[in-house]
Each structure stands twice: as C-alpha cells, then as structure tokens.
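# no sequence on this one, just coordinates:
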Ligand SMILES: Nc1ncnc2c1ncn2[C@@H]1O[C@H](COP(=O)(O)OP(=O)(O)OP(=O)(O)O)[C@@H](O)[C@H]1O
Ligand SMILES: [Mg+2]
C-alpha cells in the first residue's frame, strides 16, 4: 500500500484516531534487582494500541514479552512510566481498583490453560464473573452460553483432566470472554497444542477478533502471524520491529456483545443429573484422598 494511501486514510480518520486509542504505554520500564543484580525486563517502552488490533508479539526467550503482557493485564506493575487505558492513567491506581478493571475489561489465556482442576469446566468458566456482581445462577447461565459457543456444552460437568489439550484451551478461551472484556491477552496460547488444535484455537481467536475485540498475543510460531493485524518483534526489553499489516481504518469495529449482560436466566439452569452429582462428589473425595 502506498504512503499516499496511508496519508489519505489518516486525514480521513484523524477525528476518530483519539477515540480509537485503547492503550498507551509511555516510557515503561520494569527493573528487577538493584546494583550489581539490576536488570531490565522492559526499558523505556513506548506502544500505542488501537481498538480492534490483533497484535502478535514475538522475540527471543527473556526479551520481556510476558512481562509486557502482565503489565498490560494489570497483573504486574511497571517500575516507572505511564500506562493509559481508555484515557485513564492506571499505572498508579490501587490494587483493588486494578483488580476491578481487570475483571471488567481484560480476559487472559495462558499456555498451560490455568484451569482449576477441582472444578467442573462450567464453574471454571464462571469464575471471572465472581467479581462482577452477577448472581450464581446468572454466572452459570453465562458460562454455559460461553461454552456453547465453543461446542463444549455437553461437557459442562467434566473436569479439566477429562478433556484434551485443545478442549481445555477452548474452555480457557470461554473463561477469557465470559465477562465480555474489551481486551484479550494470550501468552503462547498454542504453545502446548498440536498443529490441529492450534488451528482450531486460532480460528476461535480470529472470530473473537472479528467481533471487534482487541487481542494481544505472544507467540514463538511465525506461521501464526497470518492472523495478526500487526506484528511486533521485541529484543532486550524494547521494540525491534513493528509492522502493521492492516491499516487502522480497516480494523474491525466492535459489534454487539456475545453474551447478554446481567441477564436474568429465562430458563432454570440445568443442574447435573443425580448420577453426575454423585460422580462429582466421588471424584472430589477420591482427589482429596490423593
Ligand atoms: N521475578 C523476576 N525476578 C527477576 N527477573 C525476572 C523476574 N521475572 C522476569 N524476570 C526477567 O525479566 C526478563 C523478561 O522475562 P519475561 O518472562 O518477560 O520473558 P519472555 O520474553 O516472556 O520469555 P519467554 O519467551 O521465555 O517466555 C528475563 O530476563 C527474566 O529473567
Ligand atoms: Mg514468556
């Protein structure tokens, strides 16, 4: 695409540019240790992220990818620098407020799925809603709807160990989107999957992106960058290369939410059949014994 085309686009959409900025990181530094042991996971890091981007972050082990994702996800704090989320400086806000914002706006997907082994997958998916004020029934109803989207509704009362890696990661994606967050952060989500399951997971992420969500994903697999609208290569805590493959003006716009908010369940939630209940209790007991 020619430079002129970008200039025309930027003139056309100049008024929207500010509105479309979701995240701004300015001079972000993450330091570990002091004196002789001092090291920097991120150094003077600047990045602006627009709504609807699908960013893939690549780079050698130890270059700061997970550190960056954890800071964006409000799981970790930078040592210095600014983090502006939706126009609000969130770097210095209290841990309590960070947790609230995280629950409302951010969904996480991890390499090792991070599901709770002792909970059926329905309850795993419902977990992020605990902080949002939904009733338990509404939480389970929403979780059930999210699982339906990934064709896992038949397995609501299975435990994570009863599922394949690919299915577990789809449960984890359902958990990431159940609260209808604006930002999905994924740290090597296909790192533990075979190529077929990786493909299925990437197609799900693609669909979530096309609904207008912003995705920031770390990967070591260059083949997956075909899904990205922007590829950032990091090196020693800074950006080495940053390539946009889709112009900002062509990014997907948010469409209606996937799961209705705060809905009251119209139908009573289906509880496990008696045998399943017994099985669940038995399973819990046998796990406790171990
Ligand atoms: N708690 C910690 N204490 C000290 N150093 C740390 C800590 N956490 C991370 N680091 C260092 O920060 C740097 C960046 O780590 P990070 O986990 O972000 O790398 P990464 O790019 O995600 O690597 P990988 O591809 O292996 O996952 C590394 O040099 C690491 O050793
Ligand atoms: Mg990492």
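Thanks, I have it. Keep in mind that what you see is a predicted model, and the values were worked out from it rather than measured. Ligands and ions are numbered 1, 2, ... in the order given.

# what pLDDT does the closest residue in space to residue 115 that isn't next to it in sequence get?
Using C-beta to C-beta, 6 or more residues apart in numbering and skipping the chain neighbours, the partner closest in space to residue 115 is residue 160 (4.2 Å). Placement of C-beta: from N, CA and C, glycine included. Here the pLDDT value assigned to residue 160 is 96.

# quick thing: my sequence starts at 31, can you match it?
From this message on, residue numbering opens at 31, which makes the last subject residue 190.

# Residue 190 and ligand 1: what is the separation?
Distance, residue 190 to ligand 1, by C-beta to the nearest ligand atom, to the nearest Å: 23 Å.

# Now do the contacts for that residue.
Neighbouring residues of residue 190 by C-beta atoms under 8 Å, 6 or more residues apart in numbering: 143, 145-147, 151, 154, 198, 201.

# Over to residue 192?
Residue 192 neighbours (C-beta under 8 Å, 6+ apart): residue 185.

# repeat for the one 10 residues further on
With contact set as C-beta under 8 Å, 6+ apart, residue 202 has these partners: 139-140, 143-145, 219.

# next SSE after the strand or helix carrying it?
Assigned by DSSP states H and E, residue 202 falls within helix 195-207. Next along the chain after helix 195-207, taking DSSP H and E as the criterion, comes strand 213-217.

# ok, is that next one in contact with ligand 1 or not?
No: contact of strand 213-217 with ligand 1 is not found when judged by C-beta under 6 Å from any ligand atom; the minimum separation is 7.4 Å.

# what's that strand in contact with?
52-53, 95-96, 99, 102-103, 135-141, 206-207, 235, 238, 243-248.

# Now with 7 Å, please.
Applying C-beta atoms under 7 Å, 6 or more residues apart in numbering, the external contacts of strand 213-217 come out as 96, 99, 102-103, 135-141, 206, 235, 238, 243-248.
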